[in-house]
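A.B. asks: A structural model of the following input is requested.
(2 chains)
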2 protein chains.
Amino acid sequence: MITALRHPLVALFAAAFLWATSAAAQDRDAVVQYSTLDALKAGLFDGQITYGEMARYGDFGVGTFNGIDGEMLGFGGRFWRIREDGRPEAVTPETETPFAVVTFFDRDRVFALPQGLDFKALAERLTGELPSANTPVAVMIHGRFPKLTVRAPRPKAPPYPTLAEALKDEVVWHLEDQTGTLAGFWFPAWLGGINAPVWHLHFLSDDHSRGGHVLDLTTGEGEVALDPTPRLTIILPESAGFDGADLSGR
Amino acid sequence: MITALRHPLVALFAAAFLWATSAAAQDRDAVVQYSTLDALKAGLFDGQITYGEMARYGDFGVGTFNGIDGEMLGFGGRFWRIREDGRPEAVTPETETPFAVVTFFDRDRVFALPQGLDFKALAERLTGELPSANTPVAVMIHGRFPKLTVRAPRPKAPPYPTLAEALKDEVVWHLEDQTGTLAGFWFPAWLGGINAPVWHLHFLSDDHSRGGHVLDLTTGEGEVALDPTPRLTIILPESAGFDGADLSGR
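C.D. replies: Predicted coordinates:
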């Protein structure tokens, strides 16, 4: 094969193949997720997919890490990890995840961030901007946040508890006057159980010093971009844990 | 472009690109479906995708047609339509569907068809063969069926009723001593609402004279092949009807 690649025609053919397969994998209006929210809730905290592979399906997204060791957000092709110390670090491609959701972000609909809102009021305003009650939407917000409450889980070791149990000792930071990016998704109610039927947002400050899963906020000046994603791919774990999991959402 | 294609290098590059994109689209362990069961149940009987496009995602599957004008089953790369007259015909690529489910079928697990069973008993035996309680499975059965009860809907015109209403005047045939193919899927309960969490089978006789959605059967000699599909892609309709549909499954 190596010898064959020395022939310019074969090399050209191989280059075309690689470029085309890469292009074909980039369905920009598809959201691709590994595992399901109910599986994560049930304590399936170890996945078999890497962020290197997830990056084939998107340059933007949210997720967690095996052992729920951190919050993940990605945008502009860079993926970040916020652990219990609250300090963002770059995600390495070989890092595995039990639950992640990505897409290639397009700024399909852009508008000014409504100011002076808390998280609940912001969520209501964003819901009012949805083009469809039944189609998932990726959302990216850049702006100033006079107040921002974020969290990261403390990592857990097997045998894993449920997600609700695991989050009881989460670390919470009450931050002030942050400027940065919120990345996340809204999923329709009919996909509840598969993903969170809420505005699920993670934060990274512009200076890369702070971040986490957003619990509350106050909005300042900024910009909202929405990207409806009418195609959803779910990659299921191929593991005994997933095969036998109770996914009834109880 | 036509002129450029006359150059052998460009033509080779183009051929490699087309072959590679086609190959990349063929994720053989993915089940790809258009719309959702709850959307169909709610009366969304007109879709905007063709069977020509669905064939890019699979050589095997089940579905229906706009206006629920027939039952569809496909296997071996050929798609069939059974209308209210009960006579199978080939599906043309430009035919649209409001709901269809396809995959590239692999005979991952093959075993003899248990004989003398009715549909309920067969379903229980097939469930006992599932490798995972949470992963969708495609199933293809070829064999003899001493008894076989199949149906096709009568087509409907807008404004559409619910699916339950629309099936009240379905046409039912009680067939005897049929030899042919059953094609269909089993979906886990956690995907209920998105697809049918049962053994959902359509039939085509070997002589292409009879077919339909299976309501009951008695099994004779034959063979079962199962194909677990750990990746699921849902292509959502991009229509006002879908955007506003009540997908709560009520």
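A.B. asks: anything in stretch A:162-169 near chain B?
C.D. replies: No - counting by C-beta under 8 Å from any C-beta of the partner chain, chain B has no neighbours in stretch A:162-169; the shortest distance is 15.8 Å. For glycine as for every other residue, the C-beta is placed from the backbone atoms N, C-alpha and C.
A.B. asks: where's A:E96 relative to chain B, distance?
C.D. replies: Shown here: A:E96 relative to chain B, a distance of 17 Å by C-beta to the nearest C-beta, to the nearest Å.
A.B. asks: which secondary element of chain A has the worst mean pLDDT?
C.D. replies: helix A:2-5 (a mean of 42; mean pLDDT, DSSP states H and E).
A.B. asks: and the helix or strand A:E176 falls within, is it in reach of chain B?
C.D. replies: Using DSSP states H and E, the element containing A:E176 is strand A:171-186. No - against chain B, strand A:171-186 shows no contacts by C-beta under 8 Å from any C-beta, the least distance being 13.9 Å.
A.B. asks: so where do the helices sit in chain A?
C.D. replies: Using DSSP state H, the helices of chain A run over residues A:2-5, A:8-25, A:37-41, A:51-54, A:119-128, A:163-166, A:240-243.
A.B. asks: Pull out the buried positions in the strand holding A:E176.
C.D. replies: Of all the residues in strand A:171-186, those buried under the rule 16 or more other C-beta atoms under 10 Å in any protein chain shown are A:175, A:178, A:180-186.
A.B. asks: Dump those residues into TSV; add pLDDT as well.
C.D. replies: Supplementary listing: the buried residues of strand A:171-186 in TSV, determined by pLDDT from 0 to 100:
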residue	pLDDT
A:L175	98
A:Q178	98
A:G180	98
A:T181	98
A:L182	98
A:A183	98
A:G184	98
A:F185	98
A:W186	98
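A.B. asks: sorry, back to before: can you tell me which of the helices of chain A has the worst average pLDDT?
C.D. replies: The stretch with the lowest mean pLDDT among the helices of chain A is helix A:2-5, at a mean of 42.
A.B. asks: List the residues that contact A:L163.
C.D. replies: Taking C-beta atoms under 8 Å, 6 or more residues apart in numbering or on different chains, we find A:L163 in contact with A:40-43, A:68.
A.B. asks: rerun that using 6 Å as the cut-off
C.D. replies: A:40-41 (C-beta atoms under 6 Å, 6 or more residues apart in numbering or on different chains).
A.B. asks: got it, and A:G67?
C.D. replies: A:45, A:155-156.
A.B. asks: Can you give me the pLDDT of the nearest residue to it once chain neighbours are set aside?
C.D. replies: Counting by C-beta to C-beta, 6 or more residues apart in numbering or on different chains, A:G67 lies nearest to A:P155, which is 4.6 Å off, once chain neighbours are set aside. According to the prediction, A:P155 has pLDDT 98.
A.B. asks: if I look at A:P155, how far off is A:G192?
C.D. replies: Separation of A:P155 from A:G192 (C-beta to C-beta, to the nearest Å) stands at 27 Å.
A.B. asks: again with A:L247
C.D. replies: Taken as C-beta to C-beta, the span from A:L247 to A:G192 is 12 Å.
A.B. asks: Neighbour count for those two, which is higher?
C.D. replies: Using other C-beta atoms under 10 Å in any protein chain shown as the criterion, A:L247 and A:G192 rank with A:L247 on top: 21 against 15.
A.B. asks: Got the confidence number for that one?
C.D. replies: For A:L247, the predicted pLDDT is 91.
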